[in-house]
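> Sequence plus the predicted model coming up.
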Amino acid sequence: MSTQSRTGLFSHRQDNPLHRALLLSHQLARVPTVLVLLALVGGALAQGLWWHWLTADAILALCSAAFYLAVALFDWVMLAGLPRWGKSYGPPAPPLLALSLVRWGLDAVLGAFAGPGLLLGVVLNSAISLVAGYATWVEPFRLGVTHLTWETDRLPAGAGLRLVQLADIHMERMTARDRAVLERVRDLAPDLILLTGDFINLSYVGEPTAMEHFRAWAGQLQARYGIYAVQGTPPVDPDHLMGPLFDGLPIRLLRDEHVSLALDDGTTLVIVGVGAGMTLDDDQARFQQTVARALAEGRPGLVLLLYHLPDLMPEAAAEGIDLYLAGHTHGGQIRLPLFGAVLTSSRHWKRYEMGLYRQDRTTLYVSRGLGMEGMAAPRARFLSPPEIVCIDVKGTAS
């Protein structure tokens with residue numbers, strides 16, 4: 001099988017289906033408020049006419065139309081309130097119209113059941129409102145710390161190292177969640193802080209205020225052995241913005257390079273940083289070159305790989321990478337019970353959707369990240385809350 005066929009739909013990351021869908025649907029953000037209102041009212045009228053045609057009951061049809069309009073207006077207030085209260089900063093129109101379309105389709109089907117259908121519609125639409133409210137107002141701010149202990153014979157017994165990974169920050173504006181991240185990280189007292197890409201939200205790439213807020217946030221991070229970062233995907237972390245974003249900050253951006261750190265126990269930690277490029281083919285080649293340079297003088301004590309996506313896991317395992325930290329998937333951001341992530345934007349789809357994975361000597365952790373997708377995507381998380389990853393490395397070699 002050729003490399004091109006293996007990379008599939010996501011070979012060109014700036015032109016993959018998800019990115020195109022975000023750009024296309026983001027056009028709805030430009031729809032004037034009065035037209036959005038007219039669309040909701042029109043949907044309510046169409047719902048009423050549909051119910052009247054199915055049931056021949058004018059009162060039932062009026063109740064259906066009124067309830068549809070009421071929950072649609074609730075959705076509007078809920079989504080428009082997010083930026084007003086400084087929670088998140090996405091445009092309300094695209095998710096509002098999408099949610100209204102889902103509600104319209106549900107109610108249109110329930111119209112066939114007349115009175116019981118209206119009652120069931122009230123129950124189901126209320127449940128949708130509760131889920132939507134939780135996913136936009138609650139879960140994106142349920143910041144947690146995932147504590148892991150990872151044992152390795154690359155370090156001597158008794159040696160230890162605390163790593164903190166921060167992934168997919170997607171800064172729009174400084175929020176309460178971002179301030180909480182700084183407090184939690186400070187309390188963890190990390191030896192190393194590792195940023196695995198996607199620093200600015202896609203809606204705000206190059207926007208001065210978002211970049212200023214990121215710099216103010218990142219400048220407060222501190223770690224004993226330093227802070228290291230790699231670029232995320234090109235649409236989010238374009239090359240020309242990396243200088244303005246990181247210049248003057250106490251953060252080392254690794255651009256297809258490695259750094260060797262002498263630890264207090266006398267061993268060496270090598271951090272290999274590979275930036276995400278336009279194609280996985282290119283990234284694989286640059287990974288091989290970077291690892292070859294890192295190992296040119298022999299095997300060090302411990303080799304850590306930073307790469308935004310989990311897609312290099314087979315190559316990392318073949319090279320004997322000890323620990324590999326990635327993000328990108330957001331854990332799906334919106335997960336379904338029992339199924340998990342529907343979208344991951346990974347070549348491997350759900351194979352490395354979030355959490356801990358092992359292959360041969362290589363351990364991979366895929367973080368759910370901190371922020372959310374931009375453009376027209378709803379600023380929502382469901383069953384995938386934001387996380388700080390804290391890994392306590394314990395040596396076991398005698």
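Ah, there it is.
> list the contacts for residue 180?
Applying C-beta atoms under 8 Å, 6 or more residues apart in numbering, one finds that residue 180 lies in contact with residue 143. Using the backbone N, CA and C atoms, a C-beta is placed for each residue, glycine as well.
> ditto for residue 265
By C-beta under 8 Å, 6+ apart, the contact set of residue 265 is 155-156, 158-159, 395.
> Please, a PyMOL command that selects the buried ones among those residues?
Here is the PyMOL command that selects the buried residues among the contacts of residue 265 (16 or more other C-beta atoms under 10 Å):
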select buried, resi 155+159+395
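> Which of the contacts of residue 265 fall within strands?
Among those, the members found in strands (DSSP state E) are 155-156, 395.
> that older thread, and the contacts of residue 265 as CSV, adding distance to residue 147 and pLDDT?
Shown next, in CSV, are those (distance: C-beta to C-beta, whole Å; pLDDT from 0 to 100):
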residue, distance to residue 147, pLDDT
155, 19, 91
156, 23, 91
158, 20, 88
159, 19, 88
395, 18, 92
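> out of the contacts of residue 265, which one sits closest to residue 307?
Using C-beta to C-beta, residue 155 is the member of those that lies nearest residue 307, at 22.1 Å.
> Could you double-check that residue 347 sits in contact with residue 280?
Yes: counting by C-beta atoms under 8 Å, residue 280 is a contact partner of residue 347 at 6.1 Å.
> Now residue 186: closest residue in space, sequence neighbours ignored.
Nearest residue to residue 186, sequence neighbours excluded (C-beta to C-beta, 6 or more residues apart in numbering): residue 222, at 7.4 Å.
> Spatially, and excluding backbone neighbours, which residue is closest to the residue nearest to the spatial centre of the chain.
Compute the mean C-alpha point of the chain, and by C-alpha atoms, centre = their mean the closest residue is residue 330, 3.2 Å away. Excluding its sequence neighbours, the residue lying closest to residue 330 (C-beta to C-beta, 6+ apart) is residue 369, at 5.1 Å.
> Distance of residue 342 relative to residue 365?
21 Å (C-beta to C-beta, to the nearest Å).
> Check residue 246 too.
Note on residue 246: its distance to residue 365, by C-beta to C-beta, is 23 Å.
> ok, those two, which is more surrounded?
Legend: neighbour count by other C-beta atoms under 10 Å for residue 246 and residue 365, higher for residue 365 (24 against 18).
> quick one: which helix or strand includes the more buried one?
strand 362-366 (DSSP states H and E).
> which one of the ones in strands among the contacts of residue 265 sits closest to residue 251?
Nearest to residue 251 out of the ones in strands among the contacts of residue 265 is residue 155 (C-beta to C-beta; 24.8 Å).
> That closest one: what's it in contact with?
By C-beta under 8 Å, 6+ apart, residue 155 lies in contact with 161, 263, 265, 267, 301-302, 393-397.
> Narrow those to those that are buried.
Buried among the contacts of residue 155 (16+ other C-beta under 10 Å): 161, 263, 267, 301-302, 393, 395.
> Residue 347 and residue 280: which has the busier surroundings?
A count of neighbours by other C-beta under 10 Å puts residue 280 above the other of residue 347 and residue 280, at 25 against 18.
> just checking, the more buried one touches residue 314?
No: using C-beta under 8 Å, residue 280 is not in contact with residue 314; the gap is 11.2 Å.
> Can you classify the residue nearest to residue 293 when sequence neighbours are not counted as helix, strand or coil?
Leaving aside its sequence neighbours, residue 293 sits nearest to residue 258 (C-beta to C-beta, 6+ apart; 6.5 Å). Here residue 258 is recorded as strand under DSSP: H, G, I helix; E, B strand; the rest coil.
> Could you measure from residue 226 over to residue 293?
For residue 226 relative to residue 293 (C-beta to C-beta), the value is 20 Å.
> If you count surrounding residues, which of these two has more?
Comparing residue 226 with residue 293 by other C-beta under 10 Å, the one with more neighbours is residue 226, at 16 against 13.
> Do I have it right that that one meets residue 190?
No: counting by C-beta under 8 Å, residue 226 sits too far from residue 190 to count as a contact (10.2 Å).
> dump the residue contacts of residue 128.
Counting by C-beta under 8 Å, 6+ apart, the residues that residue 128 touches are 71, 99, 102-103.
> This structure: strands as residue ranges?
For the chain, the strands defined by DSSP E cover 144-156, 160-166, 192-195, 227-229, 252-253, 257-262, 268-274, 302-307, 323-326, 335-336, 340-341, 355-359, 362-366, 387-397.
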